[in-house]
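1. Model the following, please.
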Amino acid sequence: PKKVSEALRGGRREEDGEGNDVAIIPTRRFQSLPIMIMNSRLFALLLATGAKSSAFAFAPQSSASPAFVSSSRYLVTAAISSSQSAKPLTIRNMSTETAPEPRKAGVSSPSELKDFVASAGSKLLVVDARHPDANIEPGDAKSIAVAGFPDKERNYRPQAVNLPWSRESNSMESPTVDKDTPIITHCGGGGRGQKAKDYLEKNGFTNVLNGGGPKETDCWAEFGEQ
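-> Model (predicted):
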C-alpha cells in the first residue's frame, strides 16, 4: 500500500512501498505558481512568433495537477482566439508637414525651362506680368519681396521686362521684339503668367513658355536671374 508524507516546499509527495517517489502534488497555495509561469512563457512565445500560428501544443508532464493542465489548455485556447480576432494595427502619420501645392495649369517644368534658357541664350526675354502698384495687385507684394522688378541700371535681371497684366482689360502691352523671340512669362505663381502667355500667342508670338514665378522656386531657379 502507498503511504503519503508531507513533501518539501509545502506540497505532499506520494511514494511507493519501497520509498521511491511517484508524484509531487502541490498544495492549493502553490497551484497558482505554474499558471503564472505558464503566462510568462506563453506571452514570450506569442511575441516571438508574432501570434501567427493557428495552434499550439503543450504536453504537460504526468506529475502536473489536473488544475494546472486545465488552466494551461484554457490559456492557450484564449491566446489563439485573441490572436485570430485581433484587427490589424493602423499607424497614422502624425506629421505636421503639408504637401506642397501643385503647380498652376500651364507652368512649365524646371527641366523644360532649363533647356529653353540654354537654347535661347542672349535672345531670351523674360516678361514679368506682376503689377508694381500694391493697391491693384496686393498679392504681388510677397513675391516682390523675394524677387524685385527688372532694373537695367543696376543690371538686375537684365533680360527681363515688366509688362503688367491688366485684369480689367484682360490684356497687356506687347513686347517690342520679333515674334519668334524666345519668351518666358511669369507673375507670382503662374496664374497671370499663363494669361500673358496666351495673350502673346494670340498676338502672333510663337515661342512662349509660362515660368510660374518666384513662388515656384525650382522653376524660378532656372530663369529668375536672367
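2. Touching, L163 and E173? I think so.
-> Yes. Using CB atoms under 8 Å as the test, L163 is close enough to E173 to be in contact (4.9 Å). C-beta here means a position set from N, CA and C on the backbone, and glycine is covered the same way.
3. These two - which one has more neighbours?
-> When L163 and E173 are compared for neighbours, L163 comes out ahead with 18 against 12, by other CB atoms under 10 Å.
4. separation between the more buried one and K114?
-> Noted for L163: a distance of 24 Å to K114, by CB to CB, to the nearest Å.
5. can you check N210 too?
-> Separation of N210 from K114 (CB to CB): 15 Å.
6. Quick check on those two: which one has the bigger neighbour count.
-> Taking other CB under 10 Å, N210 and K114 do not tie; N210 has more neighbours (29 against 15).
7. So the more buried one sits against G193, correct?
-> Yes. With contact taken as CB under 8 Å, N210 and G193 are classed as touching, separated by 4.6 Å.
8. anything in contact with each of these two?
-> Listed contacts common to N210 and G193 are G106, V107, T185, H186; contacts here mean CB atoms under 8 Å, 6 or more residues apart in numbering.
9. excluding its backbone neighbours, what's nearest the first one?
-> Translated: G106. Spatial nearest neighbour of G106, excluding adjacent residues (CB to CB, 6 or more residues apart in numbering): Q194 at 3.9 Å.
10. Could you count how many residues lie near the one you found?
-> Other residues near Q194 come to 20 when the count uses other CB under 10 Å.
11. can you tell me how far it sits from S108?
-> Relative to S108, Q194 is positioned 10 Å away (CB to CB).
12. Check P182 too.
-> Relative to S108, and taking CB to CB, P182 is found at 12 Å.
13. For the two, indicate the residue with more neighbours.
-> When P182 and S108 are compared on other CB under 10 Å, the one with more neighbours turns out to be S108, at 23 against 19.
14. My guess is the more buried one contacts N210. True?
-> Yes. Under the criterion of CB under 8 Å, S108 makes contact with N210 at 6.0 Å.
15. Which residues are in contact with each of P182 and S108?
-> Counting by CB under 8 Å, 6+ apart, the residues touching both P182 and S108 are F116.
16. just to revisit the earlier point, lowest-confidence one in the shared contacts of N210 and G193?
-> Sorting those by pLDDT puts G106 at the bottom of the list (91).
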